[in-house]
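Participant: With the sequence up front, the predicted model follows.
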Number of protein chains: 2
Amino acid sequence: MSKKIKNMEEFAAVSGISRPTLSKFFNDPNSVRTSTKQRIEAALERYDYQPNLYAVNQNRRLTKNIGIVVPNLSDPFFAKIARVIEDHILQTSFRPVLLGSHGRPELEIENLENLRSIKPAGVLLAPIGRASDRQHIEAFCKEVPTVLFDANIEGVGEAFVGSNNEHSIGIMVDYLCRTGEPPSFFEMKSPTNPNAIKRRNAYITAMEALGYTPHLVQAEGEGWEFEDIGFKQGLRALREGKFSTNTVLCSNDRLAIGLLSAAFEEGLRVGIDPNCALRIAGHDDHPFSQFTCPTLTTVSQDYEAIAKRSVEALFDTIDAKTSGDSREETLFDGRLVMRSSA
Amino acid sequence: MSKKIKNMEEFAAVSGISRPTLSKFFNDPNSVRTSTKQRIEAALERYDYQPNLYAVNQNRRLTKNIGIVVPNLSDPFFAKIARVIEDHILQTSFRPVLLGSHGRPELEIENLENLRSIKPAGVLLAPIGRASDRQHIEAFCKEVPTVLFDANIEGVGEAFVGSNNEHSIGIMVDYLCRTGEPPSFFEMKSPTNPNAIKRRNAYITAMEALGYTPHLVQAEGEGWEFEDIGFKQGLRALREGKFSTNTVLCSNDRLAIGLLSAAFEEGLRVGIDPNCALRIAGHDDHPFSQFTCPTLTTVSQDYEAIAKRSVEALFDTIDAKTSGDSREETLFDGRLVMRSSA
DNA sequence: GAATAATCTTTACGCGCGTAAAATAATAAA
DNA sequence: TTTATTATTTTACGCGCGTAAAGATTATTC
């Protein structure tokens, strides 16, 4: 708790330990003898010193940084999964570096460029999706071990970890059909996210398997303001009677939250009860979906499993060093979360 | 679009520009003659080179990094304001480094430590609040120019930028009293955030000024799961008839969202209409408050102004170099957002 | 076209640390 | 205690870039 130490040389002088040994210690405290380790730690108590991050990393080919890039940190879904991933990384000797792309492909690329300049050991990337600059990302993945999560880009990155949309939409459609009228599917007309496409197809497949005619209701609009789009386009769809039955399955929870709001505006009672006019279901188990009115029936993505597996997959490829012979795709099944909206 | 360049020396060779000039260019492209700049930029098109970040910064006393630390990135309020701040910084030659503390004071300190090791030019910090390690933060602020925002810690940092809670609670109480029964105040019993204390006091003052008796309803609970606390404790308060009138002003929107959900659960109609059983108002204009059912009447914090002023204040102190003679506190007035819940 | 100013090149050193090699010291095994 | 093993110290060099100084080149001005 005293004098400020400038560099490792100086710290070596005051602590009575040679500089190379200190260097070893800071790289891995257990690589030195226990008695030495204790002496160093005692000295660290008394003197305020930490190695210069920039000098430490300048000769390293790789650092101990792991980049995390998500499309939009303002979306609680990504905030949540990023948080879980961060926690997993913090439990290792690596450090997470979290970047959000604000939904903008240019920023996504810029984030990757910036990451490249800090020479990360690896990167976990949830691509924006359709709008992403595939070429650029592909080039990046060739230089830095990268695992994609949430949104897949075929053939890019060392691995992909995400949700099994076929399964989750399947169980939801089954559930809805079993307990009431078959659902229409409410989605963005031109979704940025590839999961949306998979969900649409899964919906169609599931409906046909049950002998029903699929019915898509597509919302116009671009961007990430899903609640707003869900509200405005949902309101219009409700007024124009676009939904073929009393049941709507939304492509994601944020759209569902908007639709819920629109239904309320229209004075429509939403819920599973027989005296309700509408049933609405979502997908993702968005952090807020348990507080909507009524609470939202949805499919929970397995955040924990996706985060854990993504991190594992990344460390696997980092350790293996053998880049990209086999690209593994891991999909986790969702879980039906029955609440009161459907 | 070709050969990979290892270092500036090599890039100097292939581009025909001397290394010191290149160094100048990378520090400020406009510090070299236009013709030279063009030659360099042309070479950059053909060769893949970017200066080694670590080598660049190792001799600098300060880097071009600005740290941003918020209590919790999973809270859309902080996600949003962080996003606006990031945008402001991106418009300068500085780069934002965003860190969330997951609501944990240890992580907050760790984030600051990590920031210190990257030698940021300055830091924008929204402290967790009561739980924050004041001593540690104070010590940090003495080394790195730091501007606090959202939550104030008296005397710490070069400046503080936040909301004028007295004003915003004042106008809300006025509005509620003018249009119906005077409100109870629903809040956390022991809030982490200092704004909560100010809002409580502002509520009491405003009520007394209007000749009403203040009535506090305090929710037990710790942590950041405000919606959940608002729901559970709100449900109990409703059942036990804890609210003295049909009107409730919540300390923040997330609590209000929980209470809204509880009211729905209890079959209570919420809204400004005469045939409704309850009026609920919030504070913050949380991104989701326009999609609740009913939409939430609240006070909008001036995100844009707070973000802008915070960044300005930080650059002021960075430029001035003269650390902390006068600590400036800037408060922005909120704006009443009338929607349908109250 | 010469004089002045601005810019560039050459040369050289330093930053703080990683790390290799050889010598020395501390520990463990015999 | 001696020997074998492991850990530490000494010495020395390199990483990629910032930057200072002095001389050479270019642009600007009259």
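Facilitator: Happy to help now that I have it.

Participant: For the spatially closest residue to A:Asn7 that is not a sequence neighbour, grab the count of nearby residues.
Facilitator: Nearest residue to A:Asn7, sequence neighbours excluded (CB to CB, 6 or more residues apart in numbering or on different chains): A:Asn52, at 7.0 Å. (Glycine included, C-beta is placed from N, CA and C.) Number of residues near A:Asn52 (other CB atoms under 10 Å in any protein chain shown) recorded here: 18.

Participant: do the same with A:Glu106
Facilitator: Neighbour tally, A:Glu106, other CB under 10 Å: 12.

Participant: try the one 10 residues further on
Facilitator: Per other CB under 10 Å, the neighbour tally for A:Arg116 reads 16.

Participant: Would you quantify the distance from it to A:Lys142?
Facilitator: A:Arg116 is 11 Å from A:Lys142, where distance means CB to CB, to the nearest Å.

Participant: Give me the phi and psi for the closest residue to A:Thr92 other than its chain neighbours.
Facilitator: Nearest residue to A:Thr92, sequence neighbours excluded (CB to CB, 6+ apart): A:Phe315, at 7.5 Å. Dihedral pair for A:Phe315: phi -60, psi -30, per degrees, to the nearest 10.

Participant: Quick check: A:Phe315 touching A:Ser93?
Facilitator: No: look at A:Phe315 against A:Ser93 with CB atoms under 8 Å: they stay out of range, at 10.9 Å.

Participant: now the strands for chain A?
Facilitator: Counting by DSSP state E, one finds strands in chain A at the ranges A:65-70, A:95-100, A:122-125, A:146-149, A:159-163, A:184-188, A:216-219, A:247-250, A:279-281, A:298-300, A:328-332, A:335-337.

Participant: Close to chain B: what parts of the stretch 151-300 of chain A are there?
Facilitator: A:227-228, A:231, A:257-258, A:260-261, A:264, A:287-288, A:290-295 (CB under 8 Å from any CB of the partner chain).

Participant: Flag the shaky bits of chain A, pLDDT-wise.
Facilitator: Scanning chain A for pLDDT under 70 picks out the ranges A:1-2, A:321-325.

Participant: so what are the domain limits for it?
Facilitator: The record's domain parsing of chain A by automatic domain parsing lists A:8-58, A:65-163+A:304-333, A:165-300.

Participant: which stretch among those domains comes nearest B:His215?
Facilitator: domain A:165-300 (24.6 Å; CB to CB).

Participant: before we move on, back to that, including distance to DNA strand C, could the domains of chain A go into CSV?
Facilitator: Converted to CSV, these look like this (distance: least, CB to the nearest atom of the strand, whole Å):
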stretch, distance to DNA strand C
domain A:8-58, 3
domain A:65-163+A:304-333, 13
domain A:165-300, 40
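
Participant: With distance to B:Arg279 added, can I get those domains in CSV?
Facilitator: Compiled in CSV, those are given as follows (distance: least, CB to CB, whole Å):
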stretch, distance to B:Arg279
domain A:8-58, 53
domain A:65-163+A:304-333, 27
domain A:165-300, 15
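
Participant: Enumerate the residues of chain A near DNA strand D.
Facilitator: A:16-21, A:24, A:31-33, A:35-36, A:58-59 (CB under 7 Å from any atom of the strand).

Participant: where do the helices sit along chain A?
Facilitator: A:8-15, A:19-27, A:34-46, A:53-58, A:76-90, A:105-117, A:134-143, A:165-179, A:194-209, A:226-239, A:253-265, A:303-320 (DSSP state H).

Participant: out of those, nearest to B:Glu222?
Facilitator: Judging those by CB to CB, what sits closest to B:Glu222 is helix A:76-90, at 18.3 Å.

Participant: Just the residues contacting the closest one, thanks.
Facilitator: A:66, A:68, A:70-73, A:95-96, A:98, A:100, A:124, A:126, A:149-150, A:253-254, A:284, A:286-288, A:303-304, A:306-308, A:310-311, B:73-74, B:76, B:79, B:100, B:102 (CB atoms under 8 Å, 6 or more residues apart in numbering or on different chains).

Participant: And stretch A:43-54, by the same measure?
Facilitator: Applying CB under 8 Å, 6+ apart, the set of residues contacting stretch A:43-54 is A:1-5, A:7-8, A:10-11, A:14-17, A:26, B:53-58, B:113, B:116-119.

Participant: Noted, bye for now.
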